[in-house]
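Have a look; sequence and predicted model below, questions after that.
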Amino acid sequence: MLDCDPGHDDAMAILLAAASPAIELEAITTVAGNQTVEKVTLNARRVCSVAGIRDVPIAAGCDRPLRREPIIAGEIHGASGLDGVEWGEPTVDADPRHAVDVLIERAEADERPLTVVAVGPLTNVATALQRAPRIVDRLERISIMGGAIGLGNWTPSAEFNIYADPEAAAAVFAAGVPITLVPLEVTHRALATDEVLARIAALDTPVARMSDALMRFFADTYQRVFGFDAPAVHDPCAVAAIIDPTLVPTRLVNVAIDTGSELSAGRTVCDVYGTTGRTPNADVGVDLDVDRFWDLMLAALAAYPRL
Ligand code: BDR
Ligand code: CA
């Protein structure tokens, strides 16, 4: 299942996860992050409506971090959380269940182990693990877009998803579930360059036109806020790492979350050299096969109908 806070790059993660023949997208759950949970849930419904994704439940989750005051990334994703597209009325409804219940129910009800891809703050995942610790054995892996080995993007020390709810991140990393962490060092290689945008536009479908508009808005943001020539499409990298782990080479290291300090709150402290003696708890992405990542993304986008 995909836990997200759409979000421009979350939208691309939804499109990749729903269209990939290699995985079965069982649910989309939403969490307060880029915008309020109401807005990001509406955005998930909007994306699924345009794409014709009707058989995947969309369940709204936690509306605030475990302990901290909520933050939003309006500067990055706009007032709606998904600015840049003229949205019509969504034709896909939300599931009435809470995201945390959906996660626990699915983990417990089915013998098949569950993989969770989490591309927003980790509040839903942490809440599920705290409420039902027994599901630890039912989770095959959690693939997380978040954190950085080095520089953050929300503060010099911290990446947005982890900074937004560091206590949740700390709980998830301590839970004992296999984790793939896809940090900024990986996702900053997934740039929607002009060449990528041309490939998307050439598909000339409703999903391609939506993606193109989203990426163009995101490009303006990344130019204005970070000075990037092209936007970093973070979240589908965490989906890609599950579809084809060879796309994201990793190193097994200890990751500890800084929840205590002011300057570095939300930092993913990655013990790359093994100097702390702490037990490795995450496969941390260190690179991205950029060409094959975009081939995967384009193949997914091409699977949506021309309508
Ligand atoms: C992460 O923060 C959000 O704004 C994006 O959707 C992504 O999940 C990148 O730091
Ligand atoms: Ca996100």
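That came through fine. Bear in mind that the values here come from a model prediction, so they are computed numbers and not experimental data. Ligands and ions are numbered 1, 2, ... in the order given.

hey, where'd the strands end up in the stretch 151-300 of the chain?
With strands called from DSSP state E, counting those that start in this stretch, the stretch 151-300 of the chain shows them at 179-182, 250-253, 255-257, 268-270, 282-285.

For ligand 2, find the nearest of the ones you listed.
Across the strands of the stretch 151-300 of the chain, ligand 2 has its closest neighbour in strand 179-182 (11.4 Å, C-beta to the ion). In this view, the C-beta of every residue, glycine as well, is placed from N, C-alpha and C.

quick one, what contacts the residue of the stretch 201-307 of the chain found nearest ligand 1?
The minimum distance from the stretch 201-307 of the chain to ligand 1, using C-beta to the nearest ligand atom, falls at His234 (4.3 Å). Neighbour list for His234: Asp9, Val119, Met145, Val182, Leu184, Thr187, Ala190 [criterion: C-beta atoms under 8 Å, 6 or more residues apart in numbering].

need the residues of this structure near ligand 2, please.
Within the chain, the positions adjacent to ligand 2 are Asp5, Gly7, Asp10, Val119, Gly120, Asp235 by C-beta under 5 Å from the ion.

Got the confidence number for the fourth one?
When you say that, I think you mean Val119. For Val119, the model assigns a pLDDT of 99.

Touching, Pro236 and Leu298? I think so.
No - Pro236 is not in contact with Leu298 according to C-beta atoms under 8 Å; the separation is 11.2 Å.

hmm, back to that, what sits closest to the residue of the stretch 201-307 of the chain closest to ligand 1 if chain neighbours are left out?
Of all residues not flanking His234 in the chain, Thr187 sits nearest, at 3.7 Å (C-beta to C-beta, 6 or more residues apart in numbering).

Let me know the pLDDT of the one you found.
Thr187 is assigned a predicted lDDT (pLDDT) of 99.

neighbours of Phe160, just the number please.
Residues near Phe160, counting by other C-beta atoms under 10 Å, number 25.

What residues of stretch 263-274 count as buried?
Going by neighbour count (16 or more other C-beta atoms under 10 Å), the buried part of stretch 263-274 is Ser264, Ala265, Gly266, Arg267, Thr268, Val269, Cys270, Asp271.

Same question for stretch 245-263.
Leu247, Val248, Thr250, Val253, Asn254, Val255, Ala256, Ile257, Asp258, Thr259.

doesn't Thr275 make contact with the fifth one?
Pointing back at Asn254 there. No - between Asn254 and Thr275 there is no contact under C-beta under 8 Å: 9.8 Å.

which of the contacts of His234 lies closest to Ala27?
Nearest to Ala27 among the contacts of His234, counting by C-beta to C-beta, is Val119 at 13.9 Å.

give me the number of residues near the closest one?
Neighbours around Val119, by other C-beta under 10 Å: 32.
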